[in-house]
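Visitor: Just to be clear, the model below is a prediction. Sequence and coordinates:
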Amino acid sequence: MASQPGGRAQTHLACVVNGDPVDITCAGYKTLLEVLREDLGLTGTKHGCELGECGACAVLVDGEPVLSCLALAVECSGRAITTVEGLTRDGRLDPLQEAFADLGAAQCGYCTPGILLTARALLDRVERPTRDDIREALSGNLCRCTGYQQIFEAVESACGHAQPTLRRAQRGPEPVEGPRTSACGSREAPEGSEAEPSRRARAHGGGAPCAVNNAGRGDHA
Ligand code: FES
Ligand code: FES
């Protein structure tokens, strides 16, 4: 570790992020979350509580979910890191992202990157998880908007339990409505308007900057 003027130690970080080698010098005190967002510009990883409580910052390190707000970046030297940006391959969304978009499992989208990555790790480990498996895997990921039902259905859909189009048909047409207030207190424009971020953009990890600052774990019942 080298020092820089002001006494803050710099450290060297060599790892693989979303399949690409990364070799940077960064402040030794920085968390993985800070390095991803501030040094690498990967802002799909969300900054929530910074206390290990909300799951918004979850990424995969060597395929396992890690709360990036609690991990020092230097601890990840030599490891393979996947962020939500890395779920898209050759321009194609991960089946989980498709299912989240199709089933309305992303609303404000702030929790979505962490949930997608945590669910991806589950599906890579268990081919057809039960609802209880999914609930347990996502128990550390808080969502203020969806009530979790659509999230669980989307994960099940992505592993082949159900067809998204079938479920959408069962729910009936999407309601057409005027501006509404989200659980974050912000006004949302009607679906399809220019001001409304598309569901696919949100499932891709483009959440609105609404604060997720809860303490405690999700009740996901
Ligand atoms: S920001 Fe890391 S768990 Fe909340
Ligand atoms: S969609 Fe989960 S916090 Fe808004």
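Guide: Great, that's in hand. Ligands and ions are numbered 1, 2, ... in the order given.
Visitor: So the chain: which segments form each domain?
Guide: Taking automatic domain parsing as the reference, the chain has its domains at 2-87, 95-175+182-203.
Visitor: Spell out the residue ranges of the strands in this protein.
Guide: Secondary structure of the chain (DSSP state E): strands at 2-3, 9-17, 20-27, 58-61, 64-67, 80-82, 180-181, 187-188.
Visitor: Out of those strands, flag the one nearest residue 92.
Guide: Ranking the strands of the chain by proximity to residue 92 (CB to CB) places strand 80-82 first, at 15.6 Å. From N, CA and C alone the C-beta is placed, and that goes for glycine too.
Visitor: before we move on, the earlier item: what about the strands of the chain, which gets the closest to ligand 1?
Guide: For the strands of the chain, proximity to ligand 1 was assessed by CB to the nearest ligand atom; strand 64-67 is nearest, at 4.6 Å.
Visitor: Pull up the pairing partners for the closest one, direction included.
Guide: According to DSSP bridges, strand 64-67 has the following sheet partners: strand 58-61 (antiparallel).
Visitor: any idea of the mean pLDDT for the partner strand?
Guide: For strand 58-61, mean pLDDT is 98.
Visitor: outside of that strand, which residues touch it?
Guide: Strand 58-61 has contacts (CB atoms under 8 Å, 6 or more residues apart in numbering) with 32, 36, 45, 65-68, 71, 76, 79-83, 113-115, 117-118, 120-121, 140-141.
Visitor: now residue 80: how far from residue 24?
Guide: To residue 24, residue 80 is 16 Å away according to CB to CB, to the nearest Å.
Visitor: And residue 112, by the same measure?
Guide: Distance, residue 112 to residue 24, by CB to CB: 27 Å.
Visitor: got it, and residue 72?
Guide: Distance of residue 72 to residue 24, computed by CB to CB: 14 Å.
Visitor: distance of residue 140 from ligand 1?
Guide: Using CB to the nearest ligand atom, to the nearest Å, residue 140 is found at 8 Å from ligand 1.
Visitor: Around that residue, how many other residues sit close by?
Guide: By the criterion of other CB atoms under 10 Å, residue 140 has 19 neighbours.
Visitor: was I right about it contacting residue 57?
Guide: No. Residue 140 lies out of contact with residue 57 (CB atoms under 8 Å); the separation is 10.9 Å.
Visitor: in the chain, which helix has the most residues?
Guide: helix 112-125 (DSSP state H).
Visitor: which parts of that helix are buried?
Guide: 112-123 (16 or more other CB atoms under 10 Å).
Visitor: Same question for stretch 48-68.
Guide: Those would be 48-50, 53-61, 65-68, for stretch 48-68 by 16+ other CB under 10 Å.
Visitor: Return the closest of the residues you listed with respect to residue 151.
Guide: residue 55 (11.8 Å).
Visitor: The closest one: what's its closest spatial neighbour, skipping adjacent residues?
Guide: residue 141 (3.5 Å; CB to CB, 6 or more residues apart in numbering).
Visitor: same thing with residue 124?
Guide: Per CB to CB, 6+ apart, closest to residue 124 is residue 63, 6.4 Å.
Visitor: try residue 104
Guide: In this structure, residue 104 finds its nearest non-sequential neighbour in residue 150, 5.2 Å apart by CB to CB, 6+ apart.
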